[in-house]
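1. quick one, fold the following:
(one chain, ligands or ions: 3)
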Amino acid sequence: MLKQLYQPPLALLTDLYQLTMAYGYWKLGRADQQAVFHLFFRKPPFKGGYAISAGLQQAIDYLDVYRFDESDINYLAELTGNDGQPLFEQGFLDALHDLKLCVDVDAMPEGTVTFGQEPMLRVKGPILQCQLLETPLLNMINFQTLVATKASRIRAAAGNDPVLEFGLRRAQGIDGAISASRAAYIGGCAATSNVLAGKMFGIPVKGTHAHSWVMSFDSELESFERYAEVMPNNCVFLVDTYDTIEGVRQACQAGKLLRQRGHEMVGIRLDSGDLAYLSIEARRILDEEGFPNATIVASNDLDEHIIENLKNQGAQIAVWGVGTKLATAFDQPALGGVYKLAALQREDGSWEPKVKLSEQAIKTSIPGILQVRRYQSDQGLIGDMIYDETLGIDSREIIVDSKDTTRRKRLANHAQAYDLLIPMMRNGVRVGETEPLETIRTRAIEQLQLVHPTIRRFMNPHEYPVGLDISLHEVRDFMIQEKRDPQWGE
Ligand SMILES: Nc1ncnc2c1ncn2[C@@H]1O[C@H](COP(=O)(O)OP(=O)(O)OP(=O)(O)O)[C@@H](O)[C@H]1O
Ligand SMILES: O=P(O)(O)OC[C@H]1O[C@H](OP(=O)(O)OP(=O)(O)O)[C@H](O)[C@@H]1O
Ligand SMILES: O=C(O)c1cccnc1
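-> Ligands and ions are numbered 1, 2, ... in the order given. Reported below is the predicted structural model:
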């Protein structure tokens, strides 16, 4: 089972309906009609004001080796409809077997600060191929973006203190854990306890010890002393197995023994009780006993809100271990990212923008071959413009809020403006080198600094200005009216 799970290619990692639609396109002779799809979310997660893009590298790795192998084709050949007849014709299965991905992918680099409505990724290519990729792309990008965002919030609450990701045991299965560790690092965690993620991605690994170690000895002091003997260069003693304050004193005793042998204890970990009170008391004891540099690590169901609260209470915690609520994105377990068709090529080679209507303004899609232009000044980010590459940017340089078209903002005359979607794949081939995780993490941290604090705050954040280029808005508005009333504009 485990071996089977991750043996690429994983072309069957898609919803059946993608294959039935692909079959339909093939059957109707439309398989190679060129299409454009965009991947985006509508609202940032956690009632926050932003998200951190992540998961792209796994998506590109996936596309890089994309193919249907013999066993996939054999499996698909066995599928039947409600009359017991095969679902797919042999000709279609042969076409899948011969399929060579030839899509163009443009995307925000991982670690980019991103906002609702704007495409994070664009796929252009034969409609059959674009369609098949919807589900796996959403699977990889939704989850990592969610966890990277959660991690960045936790890191923000922790200020300059390191955050250690401890989520492996509570994460949603194997891939949930490994992806979460990677995304948490992108979002700003300093290290993970997940050793496999450390090996796979080069994330620093860190850890302390558990209550079982203490319980396996006759006394707490003995457990600390033995730990100091076997692990003299990595001593963080977990002090709350019996009585936390007494535990801190025992840690100091073990620390003195360690010092006699030429080593320093790194610190202690608190894992229960009132973490503000106990950390203040522990700090006092550690200082009195001659360990002013010993670090206090805390864990126990922490998240950004508890950390912020503990800081406000003057907690003397220097390192934060965060597991469950980070790796499972506890308070919002899914990012509602979607992947929508936005343009189709006509026979004459021109592009026809496509729009999906909805009663809710936020759910009416944005047609065109979209790009995102970010405007920035010395003070930070100013606004993002979604524009259609075939229309170009209107000289007025005005953005219109697609949820409330009376809200507009002029973006002209700003120091810098740059496009966020950059080429990642051309004709099915990866463009450029894979970015080191460190570069991605640094990008996330640096870009967040450019976001106004009112947009970063946890409670009722300000909405960052994202809007449609005014000419795109006008085209879309016309298309919406025309769809509602085909006589419109005549
Ligand atoms: N001073 C504090 N202010 C706000 N929240 C706190 C404070 N101290 C601890 N917490 C948080 O309160 C919650 C209390 O957890 P819990 O009910 O498990 O109590 P506990 O004392 O840790 O018990 P256990 O021994 O079962 O772990 C945890 O999420 C913890 O991070
Ligand atoms: O609380 P989290 O943010 O998920 O961090 C990871 C938790 O995992 C360990 O606990 P353990 O599995 O021993 O269970 P516990 O909750 O009973 O301490 C550790 O002591 C932390 O409390
Ligand atoms: O190293 C630790 O302290 C640790 C690791 C995983 C989960 N909880 C704690």
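
2. need the residues of this structure near ligand 1, please.
-> Residues of the chain lying close to ligand 1 by CB under 6 Å from any ligand atom are Ser272, Gly273, Asp274, Leu275, Ala276, Asn300, Asp301, Leu302, Ile306, Asn309, Leu310, Gln313. Where you see a C-beta, it was placed from the backbone N, CA and C, and this is true even at glycine.

3. so which of the residues you listed are in strands?
-> Among the residues of the chain next to ligand 1, none falls in strands (DSSP state E).

4. of the residues you listed, buried ones?
-> Leu275, Ala276, Asn300, Leu302, Ile306, Leu310 (16 or more other CB atoms under 10 Å).

5. contact partners for the closest residue to Thr434 other than its chain neighbours?
-> Nearest residue to Thr434, sequence neighbours excluded (CB to CB, 6 or more residues apart in numbering): Gln57, at 6.2 Å. By CB atoms under 8 Å, 6 or more residues apart in numbering, the contact set of Gln57 is Glu110, Thr434, Glu435, Ile440.

6. likewise Asp331?
-> Neighbour list for Asp331: Phe46, Asp303, Lys325 [criterion: CB under 8 Å, 6+ apart].

7. what about the first one, neighbour count?
-> Using other CB atoms under 10 Å, Phe46 has 21 neighbouring residues.

8. same question for the last one.
-> Neighbour count of Lys325, defined by other CB under 10 Å: 19.

9. does it touch Ser299 like I think?
-> No - counting by CB atoms under 8 Å, Lys325 stays clear of Ser299, with 10.9 Å between them.

10. Ser223 and Leu196, how far apart?
-> Computed as CB to CB, to the nearest Å, the Ser223 to Leu196 distance reads 27 Å.

11. should've said Val105
-> 28 Å.

12. now swap in Met215 and tell me
-> 27 Å.

13. same thing with Val163?
-> Taken as CB to CB, the span from Val163 to Leu196 is 20 Å.

14. re earlier: and Ser223 and Leu196? Which one has more around it.
-> Using other CB under 10 Å as the criterion, Ser223 and Leu196 rank with Ser223 on top: 23 against 14.

15. mind listing what that one touches?
-> Neighbouring residues of Ser223 by CB under 8 Å, 6+ apart: Trp213, Val214, Met215, Ser216, Phe217.

16. one more time with 7 Å, if that's ok
-> Trp213, Val214, Phe217 (CB atoms under 7 Å, 6 or more residues apart in numbering).

17. in helices only, show me these.
-> Counted as lying in helices by DSSP state H, out of the contacts of Ser223, are Trp213, Val214.

18. filter the contacts of Ser223 to the buried ones?
-> Trp213, Val214.

19. redo the contacts of Ser223 as a markdown table? Include pLDDT.
-> Below are those laid out as a markdown table (pLDDT from 0 to 100):
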| residue | pLDDT |
| --- | --- |
| Trp213 | 98 |
| Val214 | 98 |
| Phe217 | 98 |
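
20. looking at the contacts of Ser223, spot the one nearest ligand 1.
-> Nearest to ligand 1 among the contacts of Ser223: Val214, at 13.9 Å, using CB to the nearest ligand atom.

21. helices of the stretch 151-300 of the chain, start to end?
-> Ranges of helices in the stretch 151-300 of the chain, per DSSP state H, counting those that start in this stretch, are 173-186, 195-201, 211-215, 220-230, 244-260, 275-288.

22. of these, which stretch is the most buried?
-> helix 173-186 (a mean of 24; mean count of other CB atoms under 10 Å).

23. how far does it sit from the chain's center?
-> The chain centre lies 9 Å from the centre of helix 173-186; the measure is CA atoms, centre = their mean, to the nearest Å.

24. stretch 94-101 now?
-> Relative to its chain's centre, stretch 94-101 lies at 31 Å (CA atoms, centre = their mean).

25. repeat for stretch 12-30
-> Here stretch 12-30 shows a centroid-to-chain-centroid distance of 28 Å under the convention CA atoms, centre = their mean.

26. how long is stretch 211-223 from one end to the other?
-> In stretch 211-223, first residue to last residue: 10 Å (CA to CA, to the nearest Å).

27. for ligand 3, give me its nearest residue in the protein.
-> For the chain, the residue closest to ligand 3 is Gly207, as judged by CB to the nearest ligand atom, at 3.0 Å.

28. per-residue confidence at the closest residue to that residue other than its chain neighbours?
-> Nearest residue to Gly207, sequence neighbours excluded (CB to CB, 6+ apart): Ser193, at 4.8 Å. Listed pLDDT for Ser193 reads 98.

29. can you check Ile393 too?
-> Predicted confidence (pLDDT) for Ile393: 96.

30. would you confirm that it contacts Tyr375?
-> No - when contacts are counted by CB atoms under 7 Å, Ile393 is not listed as touching Tyr375 (11.0 Å).

31. common neighbours of those two, please.
-> Residues touching both Ile393 and Tyr375 (CB under 7 Å, 6+ apart): Met385.

32. tell me which helix or strand of the protein sits lowest on mean pLDDT?
-> helix 2-5 (a mean of 69; mean pLDDT, DSSP states H and E).

33. any idea which helix or strand comes after that one?
-> Of the helices and strands lying after helix 2-5 in sequence (DSSP states H and E), the nearest is helix 16-27.

34. what sits against Tyr50?
-> The neighbours of Tyr50, taking CB under 7 Å, 6+ apart as the test, are Pro44, Val113, Thr114, Phe115, Val451, Ile455, Arg456, Tyr464.

35. again with Ala151
-> Shown in contact with Ala151 (CB under 7 Å, 6+ apart): Ala183, Ala184, Gly187, Gly188, Cys189, Leu326.

36. got it, and Val266?
-> Applying CB under 7 Å, 6+ apart, we find Val266 in contact with Asn234, Cys235, Val236, Thr295.

37. quick check: phi and psi at it.
-> Main-chain torsions, Val266, degrees, to the nearest 10: phi -70, psi -40.

38. got it, and Asp469?
-> Per degrees, to the nearest 10, the backbone of Asp469 is at phi -50, psi 140.

39. that one pairs with what?
-> Here Asp469 sits in beta bridges with Ile399, as judged by DSSP bridges.

40. isn't it up against Tyr387?
-> Yes - assessed by CB under 7 Å, Asp469 is found in contact with Tyr387 at 3.7 Å.

41. excluding chain neighbours, what is closest to Leu420?
-> Leaving aside its sequence neighbours, Leu420 sits nearest to Val372 (CB to CB, 6+ apart; 4.3 Å).

42. on the three-state scheme, that neighbour is what?
-> When classified by DSSP: H, G, I helix; E, B strand; the rest coil, Val372 comes out as strand.

43. now do the same for it: its pLDDT.
-> Listed pLDDT for Val372 reads 98.
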